[in-house]
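Trainee: Sequence first, predicted model second:
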Amino acid sequence: MQQNLILHDRDELIAPLYQFDRKFWTTLATLIIIIAPGMLLYVRQLVLGLGVTDLNRPVFWGAYLVNFIFLIGISMAGTVISAVLQLLKVNWRRPITRIAESLTVFGLMTAGLQIIMDMGRPDRLAYTLIYGRLQAPLLWDIASLTLYLLTAIFALYLQLIPDIALLRDTIPATAPLWRKKLYEILALGWTGAKEQWRRLEKAITVVSVFIIPIGISLHTVTSWLFSTTVQPGWKSTILGPYFVVGAIFSGIGLLFIATTFAREYNKHLKAYITETFYTNLGWIFIVMSAVWFYFTLNETLVVVTEQETLEFPVMASKLFGQFAPAFWGMNILMIAATWILVAPKFISDKPSRNPLFQTVTGLGATAIAVIIFFLLWLRLPALAAPAIQTALILAFVLFFIFALLGVTQWMKTRLITSTVIASGFVLFGMWLERWNILLPTLTHARLMPYTTYNPNVTEIAVTISTFGILTLMFVVFYKFFPSISIWEVEEGRALEADSAHQ
Amino acid sequence: MTDWCMVIDLEKCVACQGCSIACRMENNTPVVSPEEAKNGREMRWNDVFPLPVHLGPDQGEYPNVKMHYSTRPCMHCKNAPCVKVCPVQATFTDEEGIVRQNYNRCIGCRFCTVACPYGVRYFNWFEPQWEETLAEYRNPDQLVVKGSLEGPAVRPVGVVEKCTYCVHRLVKAREQAKVEGRDFRPDEYVPACVQTCTGKARFFGDLDDPDSTVSQLSKSLRATHLLEDSGAHPKTLYLAEG
Ligand code: SF4
Ligand code: SF4
């Protein structure tokens, strides 16, 4: 088995790079259809001004900024997986380092794009360099983002060099000339000499050491954008670490989704990215979720207890007011995600007869819970009586528990599917978390009546477009470079074989 | 050092909104459509608004109502949060204590609008527009400092604008004095809202000069600031009611 894999490695990973088949073109076309409307609306925004969004006074920032923080967050995937695991010499990281690092690069690029889209005068972007004030938190963010992006690109490229050299040497005769040239230039004359390997390993270690503090600085500085102001709800000292934790959390979520997407796209990858990776990274995911809950509790409990005149209305709007659906939605998603990850580890392999643990029960209960959630959200006047509200909330909790219990058995047998579902929940929950940090404060400005904000068509389309662009970058990039670090995997095998011999 | 400051006596204020209109005409703040205004896009550098802002049961029911009004220009904070966050120094405090705005430099990031605790910064969501007759009454003045527009000529789309204590009037008054070959006197410069105020509730002058009206008023027991505890060290003074 082992032997076979090594022989096929190069074929399976390299051959698809030259197959521009129907599947590739349909994916590309779908993505472009997804991206196009948002881009058109953005051009309209460029011509007419930011007024085409639903931003207003005092909600000067909205969906774009939420996307920005979210994208910065998911870019953490690369740093954690690649750098930390690299330094710890963890072996199961090998097949997914490439995907993780590329996610960092693409996440940061789209985050930068998003912030430019949010500017009133994107034509004056260069002023941040020419007239930049070093005392301004926004400039720290720009500097940190640029540095992180450059380091991430460098790290990705370093990892790629041996594989590019491999591509250069194995390129089929039918491949277009420009592709040959591209690989030739990018390979930087790599021959695989011993000295070259030694230097590469050294460089990778150095970059790994540096990228961790740079990554943490970016997430912290992004939180400082908010916590250095005097606005209620933002001026919190734990916002920095809270953002870092949230970033790692959502970063891992995206990594799970991206690797699964890659696996489904190129079935051969299933032999490399195995369940081991899902189980091991899953543990880190669980730990992050616990830390995230801990921080969320801190942020909430303190404000609720002190009931300070400015802070409390902001918090109250999350607990009971207009942001309650987003706040409780976030918590429910996170609880569900944690359950999906943790619960299957505690039940036995044998299928149970208990009706509570049947998939049908689970799905039925989920449906009912979702309906009750929306009923609560809509605040129908007919259901406004306190007794009915309490009954609805209790019913929701009950069916939510049934739903969690019911699906456990099903999850147990489907590790990868359930991890992806949990990742989806976490990603959506983290997006809501960013929303819940940003908007309640903005809608509760001082000396102004409280307002509301809902993104309009332009903002929604641009948001969809942005995530489309992220996927597009991912798809196109892996048409040119193998999605698995071939040399790292081979190195891992060699190490294994070595230790087996001894 | 001169430290320009405004004092507003809320006891005298009749909430006529004259200051608001004077400011609009002096500084060419664009008029927006009713729909836009409903969406929170109106521009009133100097706003007259009810206090407390969130009307609730505390105010009582007609005819037993308790209601206050206040008026709000920029506070020209001494520790201005808006200045601190601007990445390109498009908003800055000058040597005479006025927080000014450079419309040619602002990149429209709206960080200052978010950071200001008083909500007195406004963003140009669209290209400003005037109906024909209104356009004829625009203030023709234009203050350009080192090639950069600082008002009151119309601002471009996508930048933030705010009350500048009518700094162009200061420049104009200084130039006038120079042309006439004499020294500039502080009482030659007042913002449009102060000049207009129906109730004579607004005063303006140099806080650094102990003999000026504003210095004298600042010693009043009624003297206070809006949101004294905001951490921004607001400068514009209020004389409380009662
Ligand atoms: S009131 Fe607002 S705009 Fe005026 S100086 Fe203070 S922070 Fe800046
Ligand atoms: S919107 Fe303009 S003035 Fe305000 S912080 Fe940004 S660049 Fe500075």
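Mentor: Ah, there it is. Ligands and ions are numbered 1, 2, ... in the order given.
Trainee: who's in contact with the residue in chain A that ligand 1 sits nearest to?
Mentor: Using CB to the nearest ligand atom, A:V230 is the residue of chain A that sits closest to ligand 1, at 9.3 Å. (C-beta placed from N, C-alpha, C; glycine too.) By CB atoms under 8 Å, 6 or more residues apart in numbering or on different chains, the contact set of A:V230 is B:81, B:115, B:117, B:230-232.
Trainee: show me which of those residues neighbour ligand 1.
Mentor: Among these, the residues lying close to ligand 1 (CB under 6 Å from any ligand atom) are B:81, B:232.
Trainee: For ligand 2, see how far away A:Y183 is.
Mentor: 43 Å (CB to the nearest ligand atom, to the nearest Å).
Trainee: give me phi/psi at A:Y453?
Mentor: Backbone geometry at A:Y453, expressed as degrees, to the nearest 10, gives phi -150, psi 130.
Trainee: doesn't A:R57 make contact with it?
Mentor: No. Using CB atoms under 8 Å, A:Y453 is not in contact with A:R57, being 11.0 Å away.
Trainee: contacting residues for B:S230?
Mentor: By CB under 8 Å, 6+ apart, the contact list for B:S230 reads A:230, A:446, B:117-118.
Trainee: do you know how far it is from ligand 2?
Mentor: B:S230 is 18 Å from ligand 2, where distance means CB to the nearest ligand atom.
Trainee: now swap in B:C193 and tell me
Mentor: Taking CB to the nearest ligand atom, one finds B:C193 at 22 Å from ligand 2.
Trainee: before we move on, what about B:K235?
Mentor: On the measure of CB to the nearest ligand atom, B:K235 and ligand 2 end up 19 Å apart.
Trainee: Make a markdown table out of the contacts of A:V230 and add pLDDT and secondary structure.
Mentor: Putting those into a markdown table (pLDDT from 0 to 100; DSSP: H, G, I helix; E, B strand; the rest coil) gives the following:
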| residue | pLDDT | secondary structure |
| --- | --- | --- |
| B:P81 | 94 | helix |
| B:A115 | 94 | helix |
| B:P117 | 93 | coil |
| B:S230 | 87 | helix |
| B:G231 | 87 | coil |
| B:A232 | 92 | coil |
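Trainee: Put the buried members of the contacts of A:V230 into a PyMOL selection.
Mentor: A single PyMOL command is used to select the members of the contacts of A:V230 judged buried by 16 or more other CB atoms under 10 Å in any protein chain shown:
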select buried, chain B and resi 81+115+117+230+232
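Trainee: sorry, back to before: could you look up the SS state of the residue of chain A closest to ligand 1?
Mentor: Secondary structure, DSSP: H, G, I helix; E, B strand; the rest coil: A:V230 is coil.
Trainee: Also A:M430?
Mentor: For A:M430, the assignment made with three-state DSSP gives helix.
Trainee: Find the residue closest to it in space, skipping its chain neighbours.
Mentor: Ranked by CB to CB, 6 or more residues apart in numbering or on different chains and with sequence neighbours excluded, the top spatial neighbour of A:M430 is A:S250, at 3.9 Å.
Trainee: and the one you found, how many neighbours?
Mentor: Burial of A:S250 is recorded as 30 neighbouring residues (other CB atoms under 10 Å in any protein chain shown).
Trainee: What distance do you get for it to chain B?
Mentor: Using CB to the nearest CB, to the nearest Å, A:S250 is found at 24 Å from chain B.
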